[in-house]
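Participant: Here is my input, please return the structure:
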Amino acid sequence: MRFGFTLLLLIASRLLFAQVDLLDELTQEDKPKKEYVKYTFKTTRVINGHSIEPTPAKALDFRISHRFGDVAATPNDHIHSMFGFDQAADILFVFEYGITDDLTVGAGRAKGAGPMRELWNTSIKYRALKQTKDFKIPLTITLYGNAAISSMRSSGDPTQVAFFPKNTYLGFSDRMSYTLQALIACKATDWLSVQLTPAFVWRNRVPYNDKNGLFFLGLSGRAKFSKRAGIIFEYFLPITKAGVGGREYFPMVRGLKNAAYYPALNIGFEFETGGHVFHINFTNTRGMLDQDFLPYNTANWAQGAFRLGFTISRTFQLNQKMGKYWKKGSVEDEPKK
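Facilitator: Predicted coordinates:
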């Protein structure tokens, strides 16, 4: 009798748990799955600065950027220099590899346009939070950092930034500089994306009357008018005490000419063709690496000290299972399974 009662109790418990499991499965199916926003920006850069976008997993992004000379800074010289096309202000080569869809590592080399030249750099980028389509998570947050070292020959003048004492620790460490950034973006509509970039730049050796560590705040945007093309924008403002390193707030707005520093103001046009993404930019920055164009910029738009630049980005998908979907269409197309 006891055995039969125990058996009935076990069968009843089993049926009860089976019903609970079935109810849980039905409830989970009713819950909407999170749909994340994609392609807030088309590539890993807006113009000079980074965007929140990492390189896709098992993909390699190769990027070439070029900045020409000033268009019209010196009277009459713009004709002889072909509006800056005869001059190269900076050239940047970068390789970036996606370890996962959220983690990217990179390495590159920039000619450099500030007192530090021949900048070899490594970087890491991690997307910590993703925006959802229902705006329950309204932002995407990506963390970025890089380290750069200059390989240029040492200056013979100890007062110069590029003076590196030989056979000493300082001779090596003074060549180093670093950047840390938090990239915070929102894809407000299908065609409009906005990003804030709090940034910190540290240089081991700086000019007289300057600070090693500087804070900057960047505002970037992208207005897409088709799947393949859009307008992009960047502005970086130093957050520091006025007068440090000759920096003043809003010198262009205030009409200050020949100031020691002007914030970076960049406007560009991006479009795709044949698997490549092209950026054509007008910018007042000569350098392109963060620790170059952020702390060192003396070019004023109002005085014709702006230049044309371009960037070519090509992503190679190294995972054969994903197919060769970069060859045709847009990078915003879903990969074929």
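Participant: quick one: secondary structure of the nearest residue to F172 once chain neighbours are set aside?
Facilitator: Once flanking residues are discounted, F172 sits nearest to F164: 7.6 Å by CB to CB, 6 or more residues apart in numbering. The way it works is simple: take the backbone N, C-alpha and C, and place the C-beta from them, glycine included. Following DSSP: H, G, I helix; E, B strand; the rest coil, the label given to F164 is coil.
Participant: F172 now?
Facilitator: Applying three-state DSSP: F172 is helix.
Participant: Please report the distance of it from K166.
Facilitator: Distance, F172 to K166, by CB to CB, to the nearest Å: 10 Å.
Participant: Which one's more surrounded, these two?
Facilitator: Per other CB atoms under 10 Å, whichever of F172 and K166 has more neighbours is F172, with 13 against 6.
Participant: partners of the helix or strand containing F68, with directions?
Facilitator: Element membership of F68, judged by DSSP states H and E, is strand 59-70. If you go by DSSP bridges, strand 59-70 pairs up with strand 88-98 (antiparallel), strand 307-317 (antiparallel).
Participant: now these as CSV including mean neighbour count, distance to Y296 and mean pLDDT?
Facilitator: Compiled in CSV, the strands paired with strand 59-70 are given as follows (neighbours: other CB atoms under 10 Å; distance: least, CB to CB, whole Å; pLDDT from 0 to 100):
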stretch, mean neighbour count, distance to Y296, mean pLDDT
strand 88-98, 19, 11, 92
strand 307-317, 19, 15, 91
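Participant: Ramachandran coordinates for the residue nearest to F172?
Facilitator: The phi and psi torsions at F164 (degrees, to the nearest 10) take the values phi -120, psi 110.
Participant: quick one: pLDDT of R109?
Facilitator: If you check R109, the pLDDT there is 96.
Participant: Same check on I184?
Facilitator: For I184, the predicted pLDDT is 98.
Participant: my guess is it contacts I141, does it?
Facilitator: Yes - I184 lies in contact with I141 (CB atoms under 8 Å); the separation is 5.4 Å.
Participant: shared neighbours of the two, anything?
Facilitator: Shared contacts of I184 and I141, defined by CB atoms under 8 Å, 6 or more residues apart in numbering, comprise I52.
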